[in-house]
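[1] any chance you could fold what I've pasted below:
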Amino acid sequence: MAGADSPSAALRRRDLCTRGIRLVGKMRSDVIDLLDTYVERQGLDASASVAAVEGVPPAAVERWDEQTGTQRLLENLAAYRAFRVLLAQMLEEQREQLGEADAALGRALASVLLQVSAFAYHLEELLQLESRSPPSEEGDGPPPQPHLSLFEQKLRGLGVLRELAQWAVRSARDLRQLAKPSPGTGSAPGLAESP
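    Residues are numbered from 1 along each chain as shown. Here you go, the predicted structure:
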């Protein structure tokens, strides 16, 4: 962990957090735009109630301020790995349902999927900087989906995009917290602590 305490590691951590905040800000903007397009193209009501998405930890947590930096990073990583799987499923379903008839929606989904993958990699970099190797992806992500009707697929997609937008907000908040130096030490709070 000595490397995690050096001034160069602190600068690298702050730089990674700043870049991550920009990445997640762009992702959230794109997800909000995609949500509008998705609702319109799928013929859904924007205020439709959707059940929680299985396999994705909720973005809202109790006692957020008590979490260590490592816990924040690990929860974010688990969520974005799950989103990567879910968005890939949505993209495949979209292609099966509409083919190339709605290429714009497919491109938007693919773009957000790429951003989610990049952000997951970014989180892995932060964990490695903290001398903590990211957990393996085996068994990571949502459970296999039972066969869903077309309408259920559309609602699940709406739920995935809504939760992803919420995670983008939480991730920016988590990274801002991680980028703050601890009083007197110059290092980020709670990063070296294990869960």
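
[2] could you list every helix and strand in contact with the longest helix along the chain?
    Taking DSSP state H as the criterion, the chain has its longest helix at helix 7-42. If contacts are counted by 3 or more C-beta pairs under 8 Å, 6 or more residues apart in numbering; DSSP states H and E, helix 7-42 sits against helix 103-129, helix 150-179. Glycine gets a C-beta too; all of them are placed from N, C-alpha and C.

[3] give me the next element, helix or strand, following that helix.
    Downstream of helix 7-42, the next assigned helix or strand under DSSP states H and E is helix 69-98.

[4] that following helix: how far from the chain's middle?
    7 Å (C-alpha atoms, centre = their mean, to the nearest Å).

[5] go ahead and confirm Leu34 touches Arg107.
    No. In this structure Leu34 lies outside contact range of Arg107 using C-beta atoms under 8 Å: 10.1 Å.

[6] of these two, who's got more company?
    Neighbour tally, Leu34 and Arg107, criterion other C-beta atoms under 10 Å: the higher count belongs to Leu34, 21 against 11.

[7] and the lowest mean pLDDT element among the helices and strands of the chain?
    helix 2-5 (a mean of 49; mean pLDDT, DSSP states H and E).

[8] which residue is nearest the centroid of the protein?
    Closest residue to the average C-alpha location of the chain: Tyr80 at 3.5 Å, with C-alpha atoms, centre = their mean.

[9] mind checking how far the closest residue to it other than its chain neighbours is from Leu113?
    Closest residue to Tyr80 apart from its sequence neighbours, by C-beta to C-beta, 6 or more residues apart in numbering: Ala120 at 4.2 Å. Look at Ala120 and Leu113: by C-beta to C-beta, to the nearest Å, they are 11 Å apart.
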